[in-house]
Structure formats: structure tokens, C-alpha cells
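what's the 3D shape of this:
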Amino acid sequence: MSCRTSAMRPATAVAAAVAGLTSTLFAGLNTAVFSTSFDVTLLITIYAMVILGGAGSLTGVAIGAVVVNVSLEALRTPDHARWIFYLAILVGLGFALRPWWKLASVLVATAAFGLAVHTIAVHAWSTQTHGSLQEAGRFGGVLRHWVVLPTNPEKIGNWAFVLLIAAVIVLTTLKAPWRLFLLVPTLYLTAFVWENRLVAEPSVTRLLLIGAILIVLMNARPQGLLGTSRVEIV
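Predicted coordinates for the structure are as follows:
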């Protein structure tokens with residue numbers, strides 16, 4: 001115990017020195033410091049950097065800091081956020097679905113399901129499905145013909161968000177093949193909620209997306225990207 005305590009003293013001194021230096025630079029660059037500059041959101045962001053990279057790995061923490069900061073800035077723009085969101089879903093499906101034919105089947109089924117839902121909604125409720133995408137780029141132009149866009153996206157989006165949470169909870173309790181069947185409408189519902197509700201509020205959506213990534217990572221790899229799993233007995 002004494003060896004461990006003595007080894008922690010230099011680390012504590014270095015950490016205090018770095019914290020003092022960064023605080024001085026922060027105050028000098030901003031000309032003023034307020035308590036609101038260090039809210040819970042900032043603490044969660046810093047915690048996300050450590051968890052993502054892996055506790056106990058300086059390289060991992062550095063990578064986590066770069067990934068989190070770049071992601072948060074990219075998520076400020078709806079068109080950039082759209083690419084990150086769907087890429088994250090695709091990567092997650094790639095890790096979760098094995099063999100590859102399952103991934104291909106789910107993607108094809110989700111695309112067909114979306115086209116069918118969009119066609120039915122446009123013909124059945126033509127006056128209520130003329131919404132628009134936030135900053136729709138080339139990718140958004142394709143999504144416009146796949147995701148239903150109601151004229152009142154806020155109210156419908158809120159109900160869809162609640163339904164999405166319920167679908168995810170049910171999805172975790174099912175076993176194959178029912179899980180694959182429910183995964184298809186759940187993925188489409190996720191895209192619907194994203195395009196109609198979440199992408200319109202980047203300040204909230206950024207934290208939700210980072211939180212979702214951390215939850216998935218902590219379940220798949222609790223030690224982080226470059227961290228090592230270990231058990232300490234004190």
C-alpha cells in the first residue's frame with residue numbers, strides 16, 4: 001500500500017501542475033472565468049474522453065479527446081451529423097450481426113421497409129407528409145424519399161422517440177429470429193426520430209449520441225478502446 005501511495009504522489013503533482021497551467025491559459029484567452037463555464041455537460045464530455053479511450057492509457061485518452069471533440073463539432077451541422085449518425089449505426093450493426101448475410105439481410109429489409117412505409121404514408125396522408133430535412137445535402141435528398149417527413153415533426157417526433165425507447169427495450173429481451181424481425185422496424189424508427197426530431201436540436205442531440213456510443217462501448221468493451229481489463233485488490 002505504501003509503494004502505491006508513493007507512486008501516486010508524482011502523478012498527483014503533475015496532474016495539479018497541468019490543471020493549473022490549463023486554467024491560466026483558459027482565463028487568459030477568455031479574459032474572464034465564470035462558474036457556468038464548468039457545468040455538468042463539460043464534466044460529462046471529459047468523462048467520455050477517458051472512457052472512450054480507456055482508463056490507464058495515455059494514448060487512449062488522447063485518442064478519446066480527439067474523437068469526442070471532433071464529433072461534437074461535426075454534430076453542430078445537421079448534414080455532417082447525418083453522416084456520423086448513419087455511419088455509427090452501420091458500424092454497430094457490422095459488429096453485432098454475424099455472419100455477414102445477416103447484416104446484408106437486415107440492411108436490405110430496412111431499405112425495403114422504409115420505402116413501403118414512405119409510399120403508404122404519402123398516399124394515405126398526402127397533406128400531412130410534406131415536411132423537410134434540416135440542411136439536406138446529397139445524402140439528405142435520398143433520405144427524403146425514404147423517411148416519412150410529417151408537417152408537424154415536433155409532436156410526432158416526441159411520440160416516436162418514446163416508442164423507440166420501448167422498442168429498444170423489447171429488442172434486448174428477444175432472441176433470434178424475432179430479434180432480427182424487430183430490428184428492421186426499430187432501425188427505421190430510429191431514422192425517423194433522428195430526421196424529424198433529434199437533428200433539429202444539435203445541442204441536445206450531440207450529448208445523446210455521445211452517451212449512446214459510450215453505453216454501447218461499455219457493454220462491448222468496458223475497458224475502452226485502448227484500455228486493458230484488470231482486477232485490483234486493495
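
in what helix or strand does the residue minimising distance to the centre of the chain lie?
In the chain, the C-alpha nearest the mean C-alpha coordinate belongs to residue 209, at 2.3 Å (Cα atoms, centre = their mean). Using DSSP states H and E, residue 209 sits within helix 202-220.

Tell me the helices and strands packed up against that helix.
Helices and strands touching helix 202-220, by 3 or more Cβ pairs under 8 Å, 6 or more residues apart in numbering; DSSP states H and E, are helix 40-53, helix 58-74, helix 78-96. The C-beta positions use only the backbone N, C-alpha and C, and glycine is treated the same way.

Mind listing what's buried along the next helix-or-strand element following the last one?
Spelled out, it's helix 78-96. Downstream of helix 78-96, the first helix or strand assigned by DSSP H and E is helix 100-124. With burial defined by 16 or more other Cβ atoms under 10 Å, the residues of helix 100-124 counted as buried are 102-103, 106, 109-110, 114, 117-118, 121.

tally of neighbours for residue 161?
18 (other Cβ atoms under 10 Å).

Verify the stated contact: it with residue 193.
Yes: in this structure, residue 161 is within contact of residue 193 by Cβ atoms under 8 Å, at 5.1 Å.

give me phi/psi at residue 147?
phi -90, psi 130 (degrees, to the nearest 10).

swap that for residue 188, sorry
For residue 188, the backbone dihedrals are phi -70, psi -40 (criterion: degrees, to the nearest 10).

Enumerate every residue touching the residue lying closest to it once chain neighbours are set aside.
Nearest residue to residue 188 in three dimensions, chain neighbours excluded: residue 114, at 5.1 Å (Cβ to Cβ, 6 or more residues apart in numbering). Going by Cβ atoms under 8 Å, 6 or more residues apart in numbering, residue 114 touches 146-147, 188, 191.
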